[in-house]
Structure formats: C-alpha cells, structure tokens
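Q: sharing a model that was predicted from the sequence below.
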Amino acid sequence: MHQIALLHNGYTLVLTGIIGENAGVYRCSLKNKAGSAEKTFNVRVIQKPDFGDKDEVVVVKVNISRPVTLECPIKDTHNAELSWSRHQLPAINGVQNIQIISGGRHLFIPSVQRNDQGFFTCTATNPAGEATKTYKLLVQVPPVILNEGGEYSVIENNSLVLPCEVEGSPIPTIAWKKDGRSITDLKSVRTLSEGQQFKISHAEKIHRGSYACHAKNDVGSAEIHFYVDIITRPAVLQGIKDTVEVVEGETAHFLCPIAEKNFKGEIKLRLYDFKPISSPSRKINQGQGGKRLSVQNVTLNDEGAYSCRIKNDAGETRVNYKLVVFVPPSIIVLEKDKDRTVIENSSITLSCPATGKPEPNIVWQKDGEILYPHNISNVIMSAEVVGSEIKITAIKEEDSGRFTCEASNKAGISEQDLTINVLTPPQIQRDGIPASIEEVADRPITISCPVSGKPAPIVTWLKAWSLFSAGHPLDYQQTVKTSSNGQKLYIHNLNKNDISRYTCVARNAAGEDKRDFTVKLLEAPSFEGPNLVHRVQVNVGKPSIISCPTLNMMILDAEVFKIDNFTIVWENINII
C-alpha cells in the first residue's frame, strides 16, 4: 500500500510504496510576508518491464526455408534494455542466420533451417527488474520418401514387403491404398515400422494390383506407387494323395508306391500338369527302374503337381503328389533400424519383418535372454510383445543393448541383431556442493559442477548470463580457467571483478541441465577517515546519535559498550 506523508513541518514529502500513479509534477511553495518561493519536482516511476500477458511459452510453427519474425512485445521500452537468447545461449546479430532489428524488439530469421528449432527468449531489463518472453520454434519439413516404387512379384502363398521409408517434421502419417481403396478389408496384410513397410503374408490373387504409399504432415505430402504381381501355379489336380515337403536348395524324391515287387508294366513319371519328362537332366533324374524321380536343388519354381502313372493290360493307376518347397526365413530390416539411438523415457517399436515359407515364428532376445510376453516386463519394465514387434513406452538407460530377432520355420532359422543405445540427459550433482562461494581477495576459488549423462555432456559456463571460456581472449583469461572436462571453474586471484553469478550449463543430445553459483568477496572491516576522538555533548535524559562510519562491513553483530556510566548499543546493521 502506498502512502504520502509530510515530515519536518511540511518541509519533506515522503512517498512510500511507489506505484505508477505516483508519477507526476510535485511543487513545494513557501510564503511569508516578504513574498513566496516555489520549487518543482518531476517524479517519474520506473516500473518493471511488462509483456502484458501470462508467462507462457508461445509455440510458433514455420515451414523450413521460410522467414520468421519473433517480437519482444514489451509495453514500454523506455529505459529498457532488450536482448535475445537462442537455445538458451545469447543470440548475436548476424550470427547463425539471425537478425536482431528494431532496437532488439524483433528477431528475424530470413530462412529457417532444421537447427533453428528450439527455444528463443526475449529479455527486457531496466533498473526495476526484468521480464522474459519465450517462444518455441517448431520447424516443419514436408515428407520425403527415401526409396522409389516399382514393380514387385511374389509367388502365391509367399510373403512380400513393400518399403516406404519416410522423413519429415512433424512426423508424417503414412497411409497405404490398393487400387485407390483403403487396405482395411484386405486380408493377410499389415503395416510395420509405423507404416514404413507393407507386408503381404500369404500372397493370393486378390493381392495383385497397384499400391500407393501416401505420407502427409501439416506441411505437405509425398507418394510413391508399386505394382504387385502374384505368380500362381495351376490349380492342384484332384486325386493328389501325398505331399512332398522339401527345403529350397535340397533334393526332392518321388517314389511310385507299386505293391508288386516284380511289376512288369509301364511306369511313367510326369510333372508340371502331367507333362512327360522327356529325358533325364542334371536337375531331374530317375532311378530304381523308373520308380524313383529326384529333383535336385529345388526352387519355388519347382513347386506343383507330380504324377506317377502305372499302366498294364488291365488298366491304369495314377498316384499324384504335390511338391511343397519351404523357404528359410529372411529378415528385412531397414538399415537405420539396425543401430538406433533414442532418448531416455521415449517410446520405441522394434520390428522384425521376416519372410519365408511357411510364415516364420518370431522370438526376441535381449543380450542373449529370451523375451516372452509373460516375462518381458521383468527384463524391460515398460515393454510388451505385440505380434512380431516389441513396444517400449518409456525406455531406460539400462534397456540399452543388443536385441536379437530370431525368425524360424521348418526350413531354418535367421537372426538379426538390433543395437539400441539409450541416451540420458545431463544431471548436475548438487548434494554437498555449495551454490554460494565466499573468499577473501587474491585467494583462489574453485566452482565445481560435476555432471553425469550419456553421451558425456559438454559443459559451458556463463558469467552474468554471458558466455565465456578460459580460452576466449578476455581480460580475465589469465586468472579464470576451466578443467579439461569443463566441470570445474578456477579463479586464481579473486577480485571485485569476479563477483557475479556464474552458471554451469551441461548439454548433450538428450537434453540439458544448469546450475547457478554466486561468488562473493569477503573484505576486512575498516573506518572512514582518521581515528580521532570526537567530543559529543548531550543534555541529560536526551538521546544522542553517534555515527560509526564503517567500510567493507557486510554484517555487524550487536555490541554493547559502557563508557562513564553511559550505555551505548550498536544494533545489527547491513552496510552495502
């Protein structure tokens, strides 16, 4: 509450609790019989800078390569000094594509780039205090699809993965369509890696057609197209009584099951829609008197119907076979997913897109330990197994390591290692380390800022919010040094110029931490002027004020002296 009071018989006007309304012209008038006199005072109230809104961070979105202007919306710029910081470091006009114009009222970036994304703060300072206005700049980049489309073919009942690797900010949403329609009702298909892969698990005729991968965000969109052809074999003939299963690359054997050991009739082996085998070859040969057919180094092209025809005078009997070729698993992982770096507490999905015949079974391991749906949370607290993927909602540093995807089927086993490196933000140790340091002049002091983080944080120091380092050509470079890792600041000979607030800023790819330190100079007490005896006369019963002109005293303890029956009390005072 502000008050106005007159003291000393009206000779003194006292204003307490000054507010903006107290500004104005004040006049003191003196009158007597001889005349009058008047003195005028112009009182101007300096108020703390005010931005006129709540202290909220304003989010500004701008497309990459476009200009942006950030305003420092202070109401009154009189006596106010304006400054800007970029990513919590001082912003300098003409450096890093930054232009500070209008006396600091505007920060202009003519062509925004990815590294401009972050926080920009305007600070207004005057003798009454300071205020800040912070903007969060989000750089938006249109989607870019890194691979090309094209024509793909897959054998019926086999698997196929279409790639659509996308970059952009904000993260684009990916949608797949077949022949211009949504894939929602298309069976045996699913998306992997947040939509960047499209898998057909059991290819059928319905999967033949055109596919489009459409990536979109707030800035723009991109699209690539594929054409998928399903290679089908002739329909299986009725009457096939047996199935021969063999792994790709091995030899398939077909045997005519003739009951009579000394059968004298005609034996003919046929394949591929019962077309006759013209003559033996390096791939196909017959044995055991024509009863056995061997197909070497089989491939998916060898799949189909095979027939053994047994004929004599009484008639003909046909035994039909179906050759099924199993294909060992093949894991198709994006190159960027093989070695990933993530920030602690972020979410991550590990995908294992595997092809093979039959469809491979997926098992995950972490550093050699098998991960099951029922035990994965014991190994990784926030993880769960969803199909062939591992979803981790809040990854921790201890979750770093080697994840192995094992795909297996009747044809074999395939493994793929995925390395996950979890980064942790810097953390400055505060326990047991004082934030206020006091020392006498010309003595050395050390400010310790031990910090942990992964990767090892880079430590920089600010003095009164200004960046400096021991290697910078400043006046104090001979007296101020930092340790090799930057976690200690040494002041070799403390003086008045060193009294300030020092800020330790630790940064790495995962974030930052900072801590303020205050350095104070301790000085011995002294008195102004010579130490002479002064005589003080006072009437009995009246108070008297004796001045004690001290210098360099931060705090005086209360002392009581008694001289010739007089009691003198020195009360606690602060002298600045």
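A: Perfect, I can see it now.

Q: buried residues, the helix or strand hosting Pro425. List them.
A: Here Pro425, judged by DSSP states H and E, is contained in strand 412-428. Using 16 or more other Cβ atoms under 10 Å as the test for burial, strand 412-428 gives Gly412, Ser414, Gln416, Leu418, Ile420, Val422, Leu423, Thr424, Pro425, Pro426, Ile428. Just so you know, the C-beta spots here come from the backbone N, C-alpha and C atoms, and that holds for glycine as well.

Q: please apply the same query to stretch 327-343.
A: Val327, Pro328, Pro329, Ser330, Ile331, Ile332, Val333, Leu334, Asp337, Val342, Ile343.

Q: again, but for stretch 172-190
A: Pro172, Ile174, Ala175, Trp176, Lys177, Lys178, Ile183, Leu186, Val189.

Q: for the fourth one, report the pLDDT, please.
A: If I follow you right, that is Trp176. Note for Trp176: predicted pLDDT of 96.

Q: okay but Ala305 is in contact with Arg318, surely?
A: No: Ala305 is not in contact with Arg318 according to Cβ atoms under 8 Å; the separation is 10.9 Å.

Q: higher neighbour count, these two?
A: Per other Cβ atoms under 10 Å, whichever of Ala305 and Arg318 has more neighbours is Ala305, with 20 against 17.

Q: and the more buried one, what element?
A: strand 304-312.

Q: avg pLDDT for that strand?
A: 79.

Q: after it, which helix or strand is next?
A: Next along the chain after strand 304-312, taking DSSP H and E as the criterion, comes strand 315-331.

Q: quick one on the thing from earlier: of all the residues in the strand holding Ala305, which ones are buried?
A: Gly304, Ala305, Tyr306, Ser307, Cys308, Arg309, Ile310.

Q: that one pairs with which strands, parallel or anti?
A: strand 266-271 (antiparallel), strand 315-331 (antiparallel) (DSSP bridges).

Q: give me the number of residues near the residue lying closest to Asp442 once chain neighbours are set aside?
A: Nearest non-adjacent residue to Asp442, counting by Cβ to Cβ, 6 or more residues apart in numbering: Asn493, 5.1 Å away. Per other Cβ under 10 Å, the neighbour tally for Asn493 reads 14.

Q: show me where the stretch 201-350 of the chain has its helices.
A: Here the stretch 201-350 of the chain has no helices by DSSP state H, counting those that start in this stretch.

Q: show me where it has its strands.
A: Secondary structure of the stretch 201-350 of the chain by DSSP state E, counting those that start in this stretch: the strands cover 209-216, 221-231, 240-247, 252-255, 266-271, 275-276, 284-287, 292-295, 304-312, 315-331, 339-343, 348-350.

Q: could you redo those strands as JSON lines and give each row distance to Met381?
A: Output for the strands of the stretch 201-350 of the chain, formatted as JSON lines (distance: least, Cβ to Cβ, whole Å):
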{"stretch": "strand 209-216", "distance to Met381": "33"}
{"stretch": "strand 221-231", "distance to Met381": "37"}
{"stretch": "strand 240-247", "distance to Met381": "40"}
{"stretch": "strand 252-255", "distance to Met381": "49"}
{"stretch": "strand 266-271", "distance to Met381": "57"}
{"stretch": "strand 275-276", "distance to Met381": "61"}
{"stretch": "strand 284-287", "distance to Met381": "57"}
{"stretch": "strand 292-295", "distance to Met381": "52"}
{"stretch": "strand 304-312", "distance to Met381": "51"}
{"stretch": "strand 315-331", "distance to Met381": "27"}
{"stretch": "strand 339-343", "distance to Met381": "15"}
{"stretch": "strand 348-350", "distance to Met381": "14"}
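
Q: among those strands, which gets the worst mean confidence?
A: Minimum mean pLDDT among the strands of the stretch 201-350 of the chain: strand 275-276, a mean of 62.

Q: need the buried residues of stretch 327-343 in CSV with distance to Phe51, can you?
A: Shown next, in CSV, are the buried residues of stretch 327-343 (distance: Cβ to Cβ, whole Å):
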residue, distance to Phe51
Val327, 67
Pro328, 66
Pro329, 61
Ser330, 60
Ile331, 56
Ile332, 54
Val333, 50
Leu334, 46
Asp337, 45
Val342, 37
Ile343, 32
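
Q: and those residues, which is closest to Val166?
A: Leu334 (10.9 Å; Cβ to Cβ).

Q: the nearest residue to Glu389 once chain neighbours are set aside and His253, how far apart?
A: Distances taken as Cβ to Cβ, 6+ apart place Ser351 nearest to Glu389, at 5.1 Å, with adjacent residues excluded. Using Cβ to Cβ, to the nearest Å, Ser351 is found at 39 Å from His253.

Q: the two - which one has more neighbours?
A: Taking other Cβ under 10 Å, Ser351 and His253 do not tie; Ser351 has more neighbours (25 against 13).

Q: OK, contacts around that one?
A: Leu192, Ser193, Gln197, Val333, Asp337, Ser388, Glu389 (Cβ atoms under 8 Å, 6 or more residues apart in numbering).

Q: which single one of these is nearest to Lys366?
A: Distances from Lys366 to the contacts of Ser351, taken by Cβ to Cβ, are shortest for Glu389, at 14.1 Å.

Q: tell me which residues form a beta bridge with the closest one?
A: In beta-bridge terms (that is, DSSP bridges), Glu389 pairs with Val386.

Q: how close does the residue positioned nearest the centre of the chain sit to Pro358?
A: Residue closest to the average C-alpha location in the chain (Cα atoms, centre = their mean): Ile343, at 5.6 Å. When distance is defined by Cβ to Cβ, Ile343 is 39 Å away from Pro358.

Q: likewise Gln365?
A: Gln365 is 22 Å from Pro358, by Cβ to Cβ.

Q: do Ile546 as well
A: In terms of Cβ to Cβ, Ile546 sits 104 Å off from Pro358.

Q: looking at those two, which is more packed in?
A: Taking other Cβ under 10 Å, Ile546 and Pro358 do not tie; Pro358 has more neighbours (17 against 9).

Q: and the more buried one, its phi and psi?
A: Here is the backbone geometry of Pro358 (degrees, to the nearest 10): phi -70, psi 170.

Q: hmm, back to that, chain center to the strand holding Ala305, what's the gap?
A: 65 Å (Cα atoms, centre = their mean, to the nearest Å).

Q: now the angle from that strand to strand 240-247?
A: Orientation of strand 304-312 against strand 240-247 (axes from the mean of the first three to the mean of the last three Cα atoms, to 10 degrees) gives an angle of 130 degrees.

Q: using PDB, list the CA coordinates for strand 304-312.
A: Presented in PDB, the C-alpha positions along strand 304-312 are these (Å, rounded to 0.1, in the frame of the first residue of the first chain):
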ATOM      1  CA  GLY A 304       3.500 -78.100 -58.200                       C
ATOM      2  CA  ALA A 305       1.900 -81.400 -59.100                       C
ATOM      3  CA  TYR A 306       3.900 -84.500 -60.000                       C
ATOM      4  CA  SER A 307       2.400 -87.800 -61.200                       C
ATOM      5  CA  CYS A 308       3.500 -91.400 -61.400                       C
ATOM      6  CA  ARG A 309       1.400 -93.400 -63.900                       C
ATOM      7  CA  ILE A 310       1.300 -97.100 -63.600                       C
ATOM      8  CA  LYS A 311      -0.200 -99.000 -66.600                       C
ATOM      9  CA  ASN A 312      -0.700-102.600 -67.500                       C
END
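
Q: and the nearest residue to the residue nearest to the centre of the chain once chain neighbours are set aside, how far is that from Cys28?
A: Closest residue to Ile343 apart from its sequence neighbours, by Cβ to Cβ, 6+ apart: Ala510 at 4.6 Å. Look at Ala510 and Cys28: by Cβ to Cβ, they are 64 Å apart.

Q: show me which of the two is the more surrounded one.
A: Ala510 (21 against 13).

Q: do I have it right that that one meets Gly453?
A: Yes: counting by Cβ under 8 Å, Gly453 is a contact partner of Ala510 at 6.7 Å.

Q: so where's the stretch 51-200 of the chain uncertain?
A: 53-54, 76-78 (pLDDT under 70).
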